[in-house]
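J.: Test case, fold it:
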Amino acid sequence: MRRSALVDLAALEANLLSALEADPDLILDARADAYGHGVGPIIRTALATGVGTVRVSPGQSVLPGIRRSALMTVPSKRRLLGAEAYGVDGSGIPVLTLVGEVIAVKPVGADAGVSYGYTYRTPAPTTLALVALGYADGVPRLASNRASVAIGGEPLPLVGRIAMDQFVVDCGDRHPSVGDDAVLFGRNAPSALDWAAHTERSALDLTAGIGSRVERVYS
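T.: Residues are numbered from 1 along each chain as shown. Predicted coordinates for the structure are as follows:
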């Protein structure tokens, strides 16, 4: 089953270059494993783009090919760049796109109960898609019956309770196929800010919470 966080390093570079024009002395905030983006590739890209200093979490090991002098763990009066760099503030290009695989598709009638507890019942005949991501992967349970997911480029409602390894999308009259991508947030999908509002946390908290079994794929 495919569980992927697609990390676009070119988007990160573009966001950083834009920010560096306004403040060449800024510090990139790469704590919490670069907020789930993967600290090594993020720092290497930032330094190559012209960022001079990166803030990391205390205890962060020295990474191969990264000079120790570029890393800091203490606060500074200089500008600390976080959400803007990762494109989750609504202005930059989204750097991370979270994708799960559609693993089952099922037509159901009206009043079909969805997921455990049946907190959602289908208002009309519809097609349900089962997606292989759950709260064990960092998908917040508060998104149940609140958030939307893009399948085939269309935002569709996430319905029923999010389970440990999966959740359900109500596809209406659309008919996705097993193996299709279900995009939670990122490029061509609902934004991390949308998901943050639905889950009552910041967008950076959301990306930082993505689990370790979600593969980071860099491009």
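
J.: Just give me how far the worst-scoring helix or strand of the chain on mean pLDDT sits from the chain centre.
T.: Across the helices and strands of the chain, mean pLDDT, DSSP states H and E gives its lowest value to strand 71-72, namely a mean of 93. Relative to its chain's centre, strand 71-72 lies at 25 Å (CA atoms, centre = their mean, to the nearest Å).

J.: cool, and stretch 134-151?
T.: Here the centre of stretch 134-151 is set off from its chain's centre by 11 Å, with CA atoms, centre = their mean.

J.: ok so, going back, what is the least confident helix or strand of the chain packed up against?
T.: strand 53-55 (3 or more CB pairs under 8 Å, 6 or more residues apart in numbering; DSSP states H and E). Every residue, glycine included, has its C-beta placed from N, CA and C.

J.: which residues touch the strand it packs on?
T.: Residues from elsewhere that reach strand 53-55, judged by CB atoms under 8 Å, 6 or more residues apart in numbering: 27-31, 43, 46-47, 70-73, 76, 78, 80.

J.: now with 10 Å?
T.: Strand 53-55 is contacted by residues 25-31, 34, 39, 42-44, 46-47, 60, 66, 69-76, 78, 80-82 when judged by CB atoms under 10 Å, 6 or more residues apart in numbering.

J.: Now do the least confident helix or strand of the chain: everything it contacts.
T.: 27, 30, 39, 43, 47, 53-56, 60, 62-63, 78.

J.: what's downstream of it, the next helix or strand?
T.: Scanning forward in sequence from strand 71-72 by DSSP states H and E, the next helix or strand is strand 80-81.

J.: Please enumerate residues in contact with that next one?
T.: 15-16, 19-20, 23, 26-31, 46, 51, 53-55.

J.: Now, these that are in strands?
T.: Counting by DSSP state E, the part of the contacts of strand 80-81 found in strands is I27, L28, D29, T53, V54, R55.

J.: which one of those residues is nearest V131?
T.: D29 (30.4 Å; CB to CB).

J.: what about the longest helix in this protein?
T.: Longest helix in the chain, counting residues (DSSP state H): helix 9-22.

J.: who does the least confident helix or strand of the chain pair up with?
T.: Sheet pairing of strand 71-72 (DSSP bridges) gives strand 53-55 (parallel).

J.: didn't D170 look like it was pressed against G160?
T.: Yes. When contacts are counted by CB atoms under 10 Å, D170 is listed as touching G160 (8.8 Å).

J.: just to revisit the earlier point, just the buried residues of the contacts of strand 80-81.
T.: 15-16, 19-20, 26-31, 46, 51, 53-55 (16 or more other CB atoms under 10 Å).

J.: those strands in the chain, which residues are they?
T.: 3-7, 27-29, 53-55, 71-72, 80-81, 96-108, 113-114, 120-121, 126-131, 148-151, 154-159, 167-170, 181-185, 215-218.

J.: For R201, find the nearest of those.
T.: If you check each of these against R201 by CB to CB, strand 181-185 wins as the nearest, at 12.7 Å.

J.: For the closest residue to P123 other than its chain neighbours, list the residues it contacts.
T.: Distance criterion CB to CB, 6 or more residues apart in numbering; nearest residue to P123, sequence neighbours excluded, is A110 at 6.6 Å. Shown in contact with A110 (CB under 10 Å, 6+ apart): R121, T122, P123, A124, P125, T126.

J.: repeat that with 8 Å
T.: Per CB under 8 Å, 6+ apart, neighbours of A110: T122, P123, A124, P125.
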